[in-house]
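Colleague: Pasted the sequence and its predicted model underneath.
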Amino acid sequence: MNDNRSVQRCLAILRAFRSGPGQSLTALSKAVELPHSTVLRLLNTLQSEGYVRKEGTLWSLTPQLLEIGFAALANTGVNDVIQAALQALAERCSGTVNIGEKSKDEVIIIARASSESERRKILVVNLRVGNSLPPGSALCAALDLPEDQWSIAVYPDRKVTTVGISLFSGPARSLSLGLSVNDEDYSRQRIESELLPMLRAARDEIRRLMRLGEV
């Protein structure tokens, strides 16, 4: 089998575990649209390398994959100073701030900070660094937008509005910056008059800290 094809198939299998641990061979084969024999052979290879394990008839990822994840995070350019800047903005707006990076037709969260008031809420959105958001999200829609434009997404069920702006757009990577706030605290007018200027000021500071203009 072509080595590149094998790598692609192994990656597809690893991505199939997004739906949760304890995946059967049948479920994985269906998810990646490959024969059982092919998926089993690739799973055995991943198991020998320590990236998956089998318990009974079910397969799961192992913590060894975190090595790759931590290496990827180290290459995002997000350090403690940038994280502190995100946290400061989140606290100032009593909201949540995300940096997203373009990945095919989605955006992957590479940095995230939430205010203390957000963390105390009973309703918690199960999002974290590494999660992907679809094109309909403000963070994804903001990718590659012109400097003076911004995206917005409203979630009435959670009483949350998210706004996003482009952080950086280049041949190698595209990043966006998003801010989610409580609808009861910020009207549309206040979002435009207060939040957007803060978000754009934060963008300038993050660009400087990440030295994105030099990429």
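Modeller: That came in fine, so what should we check first? Just so it is clear, the structure is predicted and the values come from calculations on it, not from any experiment.
Colleague: Tell me which residues of stretch 42-49 come out buried.
Modeller: By neighbour count with 16 or more other C-beta atoms under 10 Å, stretch 42-49 contains the buried residues 42-43, 46. Placement of C-beta: from N, CA and C, glycine included.
Colleague: my bad, should have said stretch 189-197
Modeller: 191, 195-196.
Colleague: Tell me the span between the first and last residue of it.
Modeller: The straight-line separation of the ends of stretch 189-197 (C-alpha to C-alpha, to the nearest Å) is 12 Å.
Colleague: got the contact list for it?
Modeller: With contact meaning C-beta atoms under 8 Å, 6 or more residues apart in numbering, stretch 189-197 is reached by 93, 150, 152, 161, 163, 165, 179, 181, 186.
Colleague: how close does D204 get to C10?
Modeller: Per C-beta to C-beta, to the nearest Å, D204 is found 41 Å from C10.
Colleague: More neighbours: those two, which one.
Modeller: C10 (19 against 9; other C-beta atoms under 10 Å).
Colleague: Pull the contacting residues for the more buried one.
Modeller: Counted by C-beta under 8 Å, 6+ apart, C10 has contacts 42, 45-46.
Colleague: about what we covered before: out of the contacts of stretch 189-197, which sit inside helices?
Modeller: The members of the contacts of stretch 189-197 that map onto helices under DSSP state H are C93.
Colleague: which among the contacts of stretch 189-197 gets closest to R112?
Modeller: Taking C-beta to C-beta as the measure, R112 lies nearest L179 of the contacts of stretch 189-197, at 11.4 Å.
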